[in-house]
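S.K.: What shape does this take:
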Amino acid sequence: MGVVSTIEDITEKLQSQQILKENEIRFRQIVQSSPMGIFMYELREDDELYLIESNNAADEILGVDCRAKIGMKILDAFPGLARTEIPKHFKKAAS
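M.R.: Presented below is the predicted three-dimensional model:
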């Protein structure tokens, strides 16, 4: 009979997670308070860009509720971009 026990100090891991969370909050505050229109896209496994975030300035500049388009493919959210090379450049930057 015996007992096997493992103890792992996760203090550093928890501190790192807290710092990451605080940095994400700070980043989001900067994005939301920026006077520049900001969009964030994610390149997914289907090789399509999806809108995952926008700020208030983007709504004001474009005159639309961009947050209503979150989760949409870039070309579904903004069909006019199909006539540009913007999606191609965004994909290249995301790769």
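
S.K.: Packing partners of the worst-scoring helix or strand of the chain on mean pLDDT?
M.R.: In the chain, no helix or strand scores lower on mean pLDDT, DSSP states H and E than helix 86-94, which sits at a mean of 91. For helix 86-94, the packing partners by 3 or more C-beta pairs under 8 Å, 6 or more residues apart in numbering; DSSP states H and E come out as strand 39-43, strand 49-54, helix 74-77. Heads up, the C-betas are built off the backbone N, CA and C, glycines and all.

S.K.: Please identify the deepest-packed of these.
M.R.: Per residue and on average, the most neighbours among these fall to strand 49-54, with a mean of 19 (mean count of other C-beta atoms under 10 Å).

S.K.: what does it contact?
M.R.: 31, 37-44, 66-67, 69-74, 77, 87, 90-91, 94 (C-beta atoms under 8 Å, 6 or more residues apart in numbering).

S.K.: For it, what is the distance to the chain centroid?
M.R.: Centre-to-centre, strand 49-54 and its host chain are 7 Å apart (C-alpha atoms, centre = their mean, to the nearest Å).
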